[in-house]
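# Take a look and give me a structure for this.
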Amino acid sequence: MSHDDLPAEIRVESDGPVRTVVLDRPAELNAVNSGLHRALAEVWERLAADPDAGAVVLTGAGRAFSAGGDLHWVASFLDDPVARDASLREGARIIEEMLRFPLPVVAAVNGPAVGLGCSVALLCDVVLISENAHLADPHVAVGLAAGDGGAAFWPLLTPLLRSREYLYTGDRIAAATAVELGLASRAVPPADLLPEAHRLAARIAAQPPEAVRGTKRVLNMHLARALDGPMQAGFAAEAASMRSPEHRARLTALVERAGREGRS
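Numbering: from 1, shown residues only. Below is the predicted model:
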């Protein structure tokens with residue numbers, strides 16, 4: 001089954017029953033722009049309809065998993081409330097589609113997983129993280145409520161006190177600490193990350209499919225029910241903070257600094 005009609009910012013590779021979804025903006029550290037955001041909303045439904053797929057590996061091209069939102073794309077929302085609200089609706093769809101997705105997903109976090117990139121990684125069924133990688137949710141540091149996953153989702157995985165510290169500060173969470181906190185399944189040497197993710201995905205794909213899908217469906221019912229209220233409140237809080245003068249000032253400063261440093 002071909003997935004060539006997806007946005008160019010995402011790539012799907014096939015190896016037997018394993019599909020590898022690659023976030024494919026390596027020059028921009030796989031920062032999420034409009035195309036990648038749409039691709040993340042669409043790819044799960046496409047893969048669910050693939051009759052030969054049994055499991056998925058999710059990773060990033062190059063040296064990052066995803067550096068979070070593309071600064072210029074996010075900055076475009078400052079004066080475009082219609083596009084801002086559309087992005088929030090699409091963000092909710094990404095989370096809903098991942099929770100509904102019937103096949104097991106193994107995240108191969110090959111580098112920084114930041115903001116939405118972190119949320120997408122943590123919504124996977126198994127999170128393998130390179131020993132050189134880190135997680136971070138810097139929403140608050142840029143004047144935003146951590147609404148697209150962090151505030152709603154992290155407390156289901158790790159103690160509330162630890163969630164608060166990292167969400168309030170936006171500090172990086174090293175691979176070993178992520179495993180200790182329950183935000184990653186295990187840390188893997190960089191050279192072994194993708195081979196190990198594919199071995200694990202192939203092993204799960206070889207299990208009886210109805211048993212795997214049924215087990216995932218029940219497990220994700222716990223998440224869906226727990227996230228229902230907090231996720232709605234999170235997106236509402238994020239939308240409100242997007243209109244704040246603090247967010248405008250901090251985001252504008254980040255864009256200007258990135259321009260001076262020659263980054264997107």
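# quick one, helices of the stretch 1-150 of the chain?
For the stretch 1-150 of the chain, applying DSSP state H, counting those that start in this stretch gives helices covering 34-48, 71-75, 81-100, 116-122, 150-153.
# where are the low-confidence patches of the protein?
1-2, 262-264 (pLDDT under 70).
# what are the ranges of the strands in the stretch 151-264 of the chain?
Applying DSSP state E, counting those that start in this stretch to the stretch 151-264 of the chain gives strands spanning 173-174, 186-188.
# Show me what the last one is packed against.
Packing partners of strand 186-188 (3 or more CB pairs under 8 Å, 6 or more residues apart in numbering; DSSP states H and E): strand 126-130, helix 175-181. For the C-beta atoms, the positions are set from N, CA and C on the backbone; glycine is no exception.
# ok, and which of these has the densest surroundings?
Here the criterion is mean neighbour count by mean count of other CB atoms under 10 Å, and of the helices and strands packed on strand 186-188 the winner is strand 126-130, at a mean of 25.
# Does it pack against any helices or strands, and if so which?
If contacts are counted by 3+ CB pairs under 8 Å, 6+ apart, strand 126-130 sits against strand 105-109, helix 175-181, strand 186-188, helix 193-205.
# Can you tell me the number of residues neighbouring the closest residue to residue 120 other than its chain neighbours?
Closest residue to residue 120 apart from its sequence neighbours, by CB to CB, 6 or more residues apart in numbering: residue 40 at 6.5 Å. Per other CB atoms under 10 Å, the neighbour tally for residue 40 reads 28.
# So residue 95 sits against residue 148, correct?
Yes - under the criterion of CB atoms under 8 Å, residue 95 makes contact with residue 148 at 7.3 Å.
# Tell me the backbone dihedrals of residue 110, please.
Dihedral angles of residue 110 (phi, psi; degrees, to the nearest 10) stand at phi -90, psi -10.
# gap between it and residue 196?
According to CB to CB, to the nearest Å, residue 110 stands 12 Å off from residue 196.
# neighbour-wise, which of these two wins?
residue 110 (25 against 16).
# check contacts around that one.
Applying CB atoms under 8 Å, 6 or more residues apart in numbering to residue 110 gives the contacts 59-60, 63-65, 130, 133, 190, 193-194.
# which among these end up buried?
Neighbour-count burial (16 or more other CB atoms under 10 Å) applied to the contacts of residue 110 gives 59-60, 64-65, 130, 133, 193-194.
# Take these and write them to CSV, including distance to residue 50.
Output for the buried ones among the contacts of residue 110, formatted as CSV (distance: CB to CB, whole Å):
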residue, distance to residue 50
59, 18
60, 21
64, 26
65, 23
130, 27
133, 28
193, 24
194, 20
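# farthest pair in those?
The most widely separated members of those are 64 and 194, with 14.2 Å between them, by CB to CB.
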